[in-house]
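> Just a sequence and a predicted model for now, questions to come.
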Amino acid sequence: MRISTKLIFTVLLLTSERLYTTTAQEEEEKISEQQQPDESPEIAPEEPDDDDDDDDDDDYDEEEDLETLINEEAQDMFEGLDMNGNGEITRLEMLNALMAEWDEEVWKLVDQDTDDYVDDMGKEMFLSIFGNGQDPDFSWEAMDLDGDGQISKKEAYDNTMRFLEKDMFRGNDANGDGIITLEELTAYVRNEAEVDPKVFRAQKENNDMEFGIGGEL
């Protein structure tokens with residue numbers, strides 16, 4: 001995969017996308033319930049069992065399907081981050097790949113009034129990138145490096161780089177050798193998927209369709 005212009009959302013806004021996906025599903029369920037008629041629908045006569053359909057159901061393995069999606073996602077991410085194609089991801093490769101579209105894909109969303117500071121409307125999204133302050137190193141106060149109560153574009157950029165190095169690179173470099181392998185990245189994707197497999201499947205479908213994961217620039 002060549003790096004997608006939206007890959008940074010896949011990594012940085014994972015929490016926000018989970019929330020969005022879950023909320024959207026809940027809204028769809030509510031609308032579906034409201035559209036149901038008051039009267040009980042007529043019960044259609046049962047049709048004979050189809051042995052072929054039963055065989056298909058028996059052959060489907062949900063765990064195997066999830067593992068396939070995990071491996072595909074990890075492979076796509078790895079190919080996008082391994083910029084020189086040598087089968088290893090260095091710290092600089094990961095940071096350069098993920099930050100390539102930071103100005104267009106992240107900063108414009110949190111500085112909509114274009115004054116070079118995170119604005120009031122963008123503050124919640126900005127904090128969600130860093131786990132909503134769960135890590136004290138990335139609370140609003142900690143990221144406000146000059147203590148003026150605001151976060152400038154430079155502060156936002158520097159903190160994003162620091163977060164990626166700590167959370168994404170060091171967190172995935174399991175043996176601490178300064179290189180991320182496909183196996184290490186797959187373990188990261190698997191951990192994310194196992195939090196909520198249904199959300200992972202929906203998120204991957206959404207990313208593949210809208211964000212061009214696996215596509216050309």
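Thanks, I have the structure now. Small disclaimer: the values here were computed from a predicted structure and weren't measured. Numbering: from 1, shown residues only.

> Stretch 165-176: end-to-end distance?
End-to-end distance for stretch 165-176, by Cα to Cα, to the nearest Å: 13 Å.

> Give the buried residues for it.
The neighbour-count check on stretch 165-176 (16 or more other Cβ atoms under 10 Å) flags D167, M168, F169, N172, D173 as buried. Quick note: C-beta positions are derived from backbone N, CA and C, even for glycine.

> swap in stretch 81-99?
Neighbour count says stretch 81-99 has L81, D82, M83, I89, T90, R91, E93, M94, L95, A97, L98 buried, by 16+ other Cβ under 10 Å.

> picking up where we left off before, filter the buried residues of stretch 165-176 down to the ones in strands?
The members of these all map outside strands under DSSP state E.

> Columns distance to P197 and pLDDT on top of the buried residues of stretch 81-99, output as CSV?
Output for the buried residues of stretch 81-99, formatted as CSV (distance: Cβ to Cβ, whole Å; pLDDT from 0 to 100):
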residue, distance to P197, pLDDT
L81, 24, 90
D82, 26, 92
M83, 30, 90
I89, 25, 94
T90, 31, 94
R91, 30, 92
E93, 29, 92
M94, 26, 90
L95, 30, 90
A97, 27, 87
L98, 25, 86
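
> okay, those residues in CSV with distance to G147 and secondary structure next?
What follows is these, written out as CSV (distance: Cβ to Cβ, whole Å; DSSP: H, G, I helix; E, B strand; the rest coil):
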residue, distance to G147, secondary structure
L81, 34, helix
D82, 39, coil
M83, 36, coil
I89, 35, strand
T90, 34, strand
R91, 29, helix
E93, 34, helix
M94, 30, helix
L95, 26, helix
A97, 32, helix
L98, 28, helix
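
> all strands for the chain, in order.
Under DSSP E, the chain gives strands at 89-90, 179-180.

> okay, these in CSV with distance to M121 next?
Shown next, in CSV, are those (distance: least, Cβ to Cβ, whole Å):
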stretch, distance to M121
strand 89-90, 34
strand 179-180, 35
